[in-house]
Structure formats: C-alpha cells, structure tokens
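Undergrad: Quick one: sequence and predicted model below, then my questions.
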Amino acid sequence: MSKIVIIGWIIELVGTILWLYGYFATGNPSLIDWHANTPWWIAEFLPNIESEIGMALVFAGMILIYWPSRRNDQTAPLDPANPR
C-alpha cells in the first residue's frame, strides 16, 4: 500500500468516528437545512455539523483510497496486440 492510501484510510476512519459521534450526540445545528432540501432518509443521516464534517472526511478519504496511482499506469504490461 502506498502512503496516500494509508492516509486515505486514516482520514476515512476519523470521518466515520466523527460522523457516528454527530449522529448519536446532539451538537450544533447543521450548515445545510437537510430536512427542507432532501428526502427524510438523507436528512436523518446528517442531523448536525459534526456529522456533516464526518461525512465530508469519509468522501475525501475515499477519493484518496481509490484514485489511480501513477505507478500503476507506468508498470502496466503492454498488450502485444495493442501497443501504446
């Protein structure tokens, strides 16, 4: 695993912990009025600002984990029928 993937996992775990804290604890009001702008089942997942920040960290970590690395592109075997 590369360092970026490890950092992505750490960010994702911190985001999950923060989202769980925000989901189960009463905190500050949310930045976006989710109940007015989204269906109820989406609004229930983001009740306050802590859960919103946690969800944003989860998505940021996911991008770091699944973004293709340059090393994979350079070491990929060439197809003899379709050279680059």
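TA: Yep, that arrived.
Undergrad: any idea how far stretch 39-55 is from the chain center?
TA: Relative to its parent chain, stretch 39-55 has a centroid offset of 14 Å by C-alpha atoms, centre = their mean, to the nearest Å.
Undergrad: what are the C-alpha coordinates of that stretch, in CSV please?
TA: Presented in CSV, the C-alpha positions along stretch 39-55 are these (Å, rounded to 0.1, in the frame of the first residue of the first chain):
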residue,chain,number,x,y,z
PRO,A,39,-35.8,13.4,1.5
TRP,A,40,-36.2,12.4,5.1
TRP,A,41,-33.9,9.4,4.9
ILE,A,42,-31.0,11.6,3.8
ALA,A,43,-31.7,14.3,6.4
GLU,A,44,-31.7,11.7,9.2
PHE,A,45,-28.0,10.8,8.4
LEU,A,46,-26.8,14.4,8.8
PRO,A,47,-28.5,15.9,11.9
ASN,A,48,-25.7,18.4,12.9
ILE,A,49,-22.4,19.9,11.8
GLU,A,50,-20.3,17.2,13.3
SER,A,51,-22.0,14.5,11.2
GLU,A,52,-21.6,16.8,8.1
ILE,A,53,-17.9,17.2,8.6
GLY,A,54,-17.5,13.5,9.3
MET,A,55,-19.3,12.6,6.0
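Undergrad: List of residues touching it?
TA: 15-23, 25-32, 34-35 (C-beta atoms under 8 Å, 6 or more residues apart in numbering). Every C-beta, even on glycine, is put in place using the N, C-alpha and C of the backbone.
Undergrad: Would you mark the buried spots in that stretch?
TA: Residues 43, 46-48, 50-55 are the ones in stretch 39-55 that count as buried (16 or more other C-beta atoms under 10 Å).
Undergrad: Can you lay out those residues as a markdown table showing distance to residue 2?
TA: Formatted as a markdown table, the buried residues of stretch 39-55 follow (distance: C-beta to C-beta, whole Å):
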| residue | distance to residue 2 |
| --- | --- |
| 43 | 37 |
| 46 | 31 |
| 47 | 35 |
| 48 | 34 |
| 50 | 30 |
| 51 | 29 |
| 52 | 29 |
| 53 | 26 |
| 54 | 24 |
| 55 | 25 |
